[in-house]
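S.K.: Generate a structure from the sequence data that follows.
(chains A and B)
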Amino acid sequence: MNRAQPLASARVVFASSQDDRFPPANTLDGNPRTFWSSTGLYPQDLIFELDPPATPAKLVVHTAKVKALSVAACPAGALDAGGDLDPFDTLVAIDLPENNTATAIPLKLSRPVSHVRFTVSEGYSDYCAVFSVVLE
Amino acid sequence: MTTPAPSSRLCLRTKMVLLGDSGTGKSALAQVFHSEGASFPKVHMLNTTPELLVKTVAIPDTDASVELFVTDLPGLEPFLDVTKRHAHGASAFLLVFDSTNKDSFSGIGKWLKVAKTLRESEPLIGCLVATKCDLTKRRAVPAQQAQDVARSLDLEYFECSAATNFEVDSIFYYIANATYEAYEEHIKGLVGDSAS
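M.R.: Have a look, this model is predicted:
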């Protein structure tokens, strides 16, 4: 399998903000001009489902006005097991410079994950936006 | 204007704080707005902790609504630390003074300083609010003077009375509208950037 290929099986299953003009699906449509925008307050979350579960090596995000973000993942099968209240394991937390550009976030995953959660904990403004998320 | 359409295409959220000396009527203002005039606290209950009241306001002629997280903060000096901490993250504020109390009006300088420390980057949406305007015989701060001060501080000015529910809604609708406009500006900026 060519690792540099984006995973075609990802879709957004949860977004903490809603503006129907800029839906969360815009982050996965491959169009660098479309975006999803937060609508106030932090933290903001986007949860992507990987079906079938996969082991992405990195997450490449193109954002605007994001100051601090973190990425968490839910191991495949953890949700069905029904034990943990929060099955997400935080993988990485980073700060971005004010001028957000495309950021590659390496993910050190040892086993397949069914969901990846992208959280913006702080922004440079009341609102932030995500243009694209690519899981490779 | 009170209940938003269930199919709102846009739900904005903003945190706003009420700042001002103790006894100026901040809690009364928040509670009258939140209960749509049904509940007015006749007895002064001293606030020692922040109170959060959430209410959604629809923006007229749009499909948008703004969920206002109204944070009512204590005004007494010993609680200033608590107040500052809980005001963090707000994007709008109301500077409240009692129109029948001159001291509460001169005290707004201190509260304006607190408001300015909330964040350095973008300017906040702010209003100067005169309360208890139904007590005309006890009026101590002339409207013109307050208006001039508001203009010099670049704040919107409102006169209201929580007791008679006079002009209370206008203040919060102003904050909601300003929030909506700020959001649309943010969107314009993003669309402009991506088009270039």
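S.K.: Just to check, residue A:125 is in contact with residue B:123?
M.R.: No: in this structure residue A:125 lies outside contact range of residue B:123 using C-beta atoms under 8 Å: 11.3 Å. From N, CA and C alone the C-beta is placed, and that goes for glycine too.
S.K.: More neighbours: which of these two?
M.R.: For the pair residue A:125 and residue B:123, the greater number of neighbours falls to residue A:125 (19 against 10), based on other C-beta atoms under 10 Å in any protein chain shown.
S.K.: now stretch A:59-67: mean pLDDT?
M.R.: Stretch A:59-67 shows a mean pLDDT of 93 in the predicted model.
S.K.: scratch that, stretch B:172-189 is what I was asking about
M.R.: For stretch B:172-189, the mean confidence score works out to 94.
S.K.: got any ranges where the chain has weak pLDDT?
M.R.: I'll assume chain A. A:1-8, A:82-84 (pLDDT under 70).
S.K.: wrong one, chain B
M.R.: Residues of chain B meeting the criterion pLDDT under 70: B:1-8, B:193-196.
S.K.: Near chain A, which residues of it? Just list them.
M.R.: Residues of chain B lying near chain A by C-beta under 8 Å from any C-beta of the partner chain: B:9-15, B:63, B:67, B:69, B:89, B:91, B:121-122, B:179, B:182-183, B:186-187, B:190, B:193-195.
S.K.: Please verify my assumption that residue B:146 contacts residue B:127.
M.R.: No: counting by C-beta under 8 Å, residue B:146 sits too far from residue B:127 to count as a contact (11.6 Å).
S.K.: Common neighbours of these two, please.
M.R.: When contacts are counted by C-beta atoms under 8 Å, 6 or more residues apart in numbering or on different chains, the set common to residue B:146 and residue B:127 consists of residue B:157.
S.K.: Can you tell me the centre-most residue of chain A?
M.R.: The residue lying closest to the centre of chain A (C-alpha atoms, centre = their mean) is residue A:118, at 3.3 Å.
S.K.: re the thing from before, buried only: go through the residues of chain B next to chain A for me.
M.R.: For these, a burial check counting by 16 or more other C-beta atoms under 10 Å in any protein chain shown picks out B:10-15, B:63, B:67, B:69, B:91, B:179, B:182-183, B:186-187, B:190, B:194.
S.K.: Quick one: the helices in chain B, in order.
M.R.: B:26-34, B:80-87, B:102-106, B:108-116, B:143-152, B:168-195 (DSSP state H).
S.K.: quick one: residue A:54 and chain B, what's the gap?
M.R.: Distance from residue A:54 to chain B, counting by C-beta to the nearest C-beta, to the nearest Å: 29 Å.
S.K.: Mind checking what secondary structure residue A:122 has?
M.R.: What DSSP: H, G, I helix; E, B strand; the rest coil gives for residue A:122 is strand.
S.K.: tally of neighbours for it?
M.R.: Should you count by other C-beta under 10 Å, residue A:122 turns out to have 15 residues around it.
S.K.: tell me the contacts of it?
M.R.: Going by C-beta under 8 Å, 6+ apart, the list of residues near residue A:122 reads A:42, A:67, A:68.
S.K.: quick one: residue A:95 and residue A:67 touch, right?
M.R.: Yes: between residue A:95 and residue A:67 there is a contact under C-beta under 8 Å: 6.5 Å.
S.K.: Looking at these two now, which is surrounded by more residues?
M.R.: Neighbours around residue A:95 and residue A:67, counted as other C-beta under 10 Å, are more numerous at residue A:67. The numbers are 19 against 10.
S.K.: Looking at the contacts of residue A:122, which is nearest residue B:138?
M.R.: Nearest to residue B:138 among these, counting by C-beta to C-beta, is residue A:42 at 43.0 Å.
S.K.: isn't there a helix covering the closest one?
M.R.: No: looking at residue A:42 with three-state DSSP, it is coil, so not inside a helix.
S.K.: Show me the strands in chain A, by range?
M.R.: For chain A, the strands defined by DSSP state E occupy A:10-15, A:36-37, A:44-54, A:58-64, A:66-75, A:89-95, A:102-106, A:113-123, A:129-135.
S.K.: deepest of these, which one?
M.R.: Greatest average neighbour count among those goes to strand A:36-37 (a mean of 25), per mean count of other C-beta atoms under 10 Å in any protein chain shown.
S.K.: Show me what it is packed against.
M.R.: Here strand A:36-37 touches strand A:129-135, helix B:168-195, going by 3 or more C-beta pairs under 8 Å, 6 or more residues apart in numbering or on different chains; DSSP states H and E.
S.K.: out of those, nearest to residue B:22?
M.R.: When the helices and strands packed on strand A:36-37 are compared for distance to residue B:22 using C-beta to C-beta, the nearest one is helix B:168-195, at 19.8 Å.
S.K.: who's residue A:63 bridged to?
M.R.: residue A:130 (DSSP bridges).
S.K.: list the contacts for residue 76?
M.R.: Just going to use chain A. For residue A:76, the contacting residues are A:53, A:111, A:112, A:113, A:114, taking C-beta under 8 Å, 6+ apart as the criterion.
S.K.: my bad, the chain I had in mind was chain B
M.R.: With the criterion set at C-beta under 8 Å, 6+ apart, residue B:76 makes contact with B:22, B:46, B:47, B:48.
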